[in-house]
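K.L.:
predicted model follows, preceded by the sequence.
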Amino acid sequence: MAFSDIAFDGINYFVVWAENRIGMSYDIYGARVTASGIVLDTSSIPIAFAPDSQVRPVVVFDGCNFLVAWQDYRFRNNDIYAAYVDRNGVIIDTFVFAQSKGDENTPALAAVPVAEKVLLMDSGWCETIGEIKFNSMRVFGEVYELVGISETNKPSIYDTKICIFPNPSIQNVYIRVKGEELVSGLLVSIYDITGRLMKRIKSDNADYWEYMWDRRDENRNLLPSGVYFIEFRAKGFNEIKKLIILQ
């Protein structure tokens, strides 16, 4: 057990930590604890248990729910993932928080519930800023709007193997797929909200595939903001993910 953090919602504490219960890889767990020290979740709450290790969890209370972020190695380099956990200990949603072509490490969170904002800071790989080349790790920070969640989606068995980031996106979109059973013969199709085909891509790798989409259709037209759907199809599986593009 390692890398613990704690937050308080005004009634109970929520403690998060990394632990290697199965094998050598670490996963993220949590538990609610009363102000008098009574553990409410004696079996603990599994928050993140994707392939490879998830470590360095941090947690804040945003005024409605607990927001947990951690360093995640499921796609061969460290990214920052996050989850919303309600005050009853129920996981509402899990999503990519910060991701780039290099590593994103050691997240830190600060919430401002009155302003409905949260600050994420992490140490990330930086190639260039403007015309200056760094090719080294730098500390980054970004303020995010707190978005209310009104529905939950049934988890997919492919959620740990397919990744689209950033989502929502205002620039290039990176699409990653992991696993020979998915990548071999993979066909990726991007549709707009009306179902019109915008872009089609074929994988060229055996067990790991990454593609940088510049948000242009087959005719090289830059697509407008809106909701798009990305279909992943290969022998034996078909999966659709939603992508939001912002201007």
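P.N.:
Good, I have the coordinates. Numbers count the residues shown, from 1 in each chain.
K.L.:
tell me the SS of the most centrally placed residue in the chain?
P.N.:
Nearest to the mean C-alpha position of the chain, counting by CA atoms, centre = their mean, stands residue 96 at 1.3 Å. Assigned by DSSP: H, G, I helix; E, B strand; the rest coil, the conformation of residue 96 is strand.
K.L.:
how about it: what's its closest non-neighbour residue?
P.N.:
residue 165 (4.8 Å; CB to CB, 6 or more residues apart in numbering). C-beta: built from backbone N, CA, C; applies to glycine.
K.L.:
in stretch 175-184, what counts as buried?
P.N.:
Under the neighbour-count criterion of 16 or more other CB atoms under 10 Å, stretch 175-184 has 175, 176, 177, 178, 179, 182, 183 buried.
K.L.:
distance of the residue nearest to the centre of the chain from residue 237?
P.N.:
Distance, residue 96 to residue 237, by CB to CB, to the nearest Å: 21 Å.
K.L.:
equivalent analysis for residue 81, please.
P.N.:
Distance, residue 81 to residue 237, by CB to CB: 23 Å.
K.L.:
for those two, indicate the residue with more neighbours.
P.N.:
residue 81 (26 against 16; other CB atoms under 10 Å).
K.L.:
ok, the more buried one - contacts?
P.N.:
Contact analysis of residue 81 by CB atoms under 8 Å, 6 or more residues apart in numbering lists 48, 50, 54, 69, 70, 72, 94, 95, 96, 97.
K.L.:
can you list those in CSV and add distance to residue 125 and pLDDT?
P.N.:
Formatted as CSV, the contacts of residue 81 follow (distance: CB to CB, whole Å; pLDDT from 0 to 100):
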residue, distance to residue 125, pLDDT
48, 22, 89
50, 21, 82
54, 19, 92
69, 18, 93
70, 18, 95
72, 15, 91
94, 23, 82
95, 21, 81
96, 16, 82
97, 16, 79
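K.L.:
residue 212: which of those is nearest?
P.N.:
Each of the contacts of residue 81 was scored against residue 212 by CB to CB, and residue 96 proved nearest at 15.6 Å.
K.L.:
so the closest one bridges to which residues?
P.N.:
Following DSSP bridges, residue 96 is listed with bridge partners residue 81.
K.L.:
so it makes contact with residue 166?
P.N.:
Yes: contact status for residue 96 versus residue 166: in contact at 7.2 Å, counting by CB atoms under 8 Å.
K.L.:
do you know how far the residue nearest to the centre of the chain is from residue 193?
P.N.:
22 Å.
K.L.:
could I get the phi/psi values of residue 183?
P.N.:
Backbone torsions of residue 183, given as degrees, to the nearest 10, read phi -70, psi -40.
K.L.:
what element comes up after the lowest-mean-pLDDT helix or strand in the chain heading to the C-terminus?
P.N.:
One helix or strand of the chain scores below all others by mean pLDDT, DSSP states H and E: helix 180-183, with a mean of 70. With elements assigned by DSSP states H and E, the helix or strand that comes after helix 180-183 is strand 187-192.
K.L.:
that following strand - contacts with which helices or strands?
P.N.:
strand 197-202, strand 226-234 (3 or more CB pairs under 8 Å, 6 or more residues apart in numbering; DSSP states H and E).
K.L.:
hey, least reliable of these by pLDDT?
P.N.:
Lowest mean pLDDT within the helices and strands packed on strand 187-192: strand 226-234, a mean of 87.
K.L.:
how far off centre is that one?
P.N.:
Mean-position distance between strand 226-234 and its chain equals 17 Å (CA atoms, centre = their mean, to the nearest Å).
K.L.:
give the buried residues for it.
P.N.:
228, 230, 232, 234.
K.L.:
again with stretch 196-208
P.N.:
So, applying 16+ other CB under 10 Å, buried residues of stretch 196-208: 198, 199, 203, 208.
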